[in-house]
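*Asks:* Got a predicted model here, sequence first, then my questions.
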Amino acid sequence: MLKTKIPIYLASKSPRRKYLLKQIGLNFKTFSVELEEEILDGEHPIKTVKRLSLEKLNEAEKRVKEGIIITADTIVVIDKDIIGKPRSMKEAKSFLKKLSGQTHFVYTGYSIKNILKNQTITDYSRTSVTFRKLSDKEITEYVKTGSPMDKAGAYGIQDDYGAVFISKIIGCYYNVMGLPLSKVFLSLKEVM
C-alpha cells in the first residue's frame, strides 16, 4: 500500500511494532535506540509520550543519514499514575492488581521524520481499556509466562492469556499493542 524507494527505519525493538508495520505491507529495517525512558512528575501523559518518541527520534537520527525514521513510546495511565514496563515480576503483579477491575488509558506517542525533507510529524493516540476483576492466581500464572515483562502496564492485549483480562476497549486496538496503525499510516503518507 505504501510504496517508496526511500529507506524506512523503525527505531524500536518491539516485536509488536514490527508486526504491525509488516501488516500494512511496509518494507523497513529495524534497530533499537538506547534511551532512559524518564517519566517526569506532573507531566501530562500526552506530553510524556510525545517527548519520549522525539527523544528516541533524536537518538535514531545519529545512525541514519537518509530515509524515514519511525519511533514510538507507549505508557499506561490509571488514576493519574503512569505505569511503564515492570522492572521485576513483583512489580508486574503489582501493576496487574492495580489494573484489575478498573479502567485505564493507553497512550502511544510516535514520531516520523523524513530526513531529506527535514519533515517531522509527532502525534499520539489514547485508548480506554477496562479490565475485569482478576484473581491472584490468574495474575501469578500470567506473570510466570514472562510476557508482561516487556510491556507497558505489564500486559499485552494480543497475548493469548492477557487478552482475556479485557472486558471493554474504546479507541484504537492497535494503539494498545504499541502503534496507532491508522494514524501512523496517514502520517507516513504525508512525509513520503
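*Replies:* Arrived safely.

*Asks:* Who are the packing partners of the helix or strand where I82 lies?
*Replies:* Assessed by DSSP states H and E, I82 sits inside strand 81-83. Where contact means 3 or more CB pairs under 8 Å, 6 or more residues apart in numbering; DSSP states H and E, strand 81-83 is packed against strand 68-78, helix 89-99. For every residue, glycine as well, the C-beta is placed using N, CA and C.

*Asks:* can you pull out the strands in this structure?
*Replies:* 8-11, 29-31, 68-78, 81-83, 103-114, 119-131, 166-170 (DSSP state E).

*Asks:* Could you pull out the buried residues of the lowest-mean-pLDDT helix or strand in the chain?
*Replies:* Counting by mean pLDDT, DSSP states H and E, the weakest-scoring helix or strand in the chain turns out to be strand 81-83, with a mean of 89. In terms of neighbour count (16 or more other CB atoms under 10 Å), strand 81-83 has its buried residues at I82, I83.

*Asks:* in its sheet, what does that strand sit against?
*Replies:* Strand 81-83 pairs in its sheet with strand 68-78 (antiparallel), by DSSP bridges.
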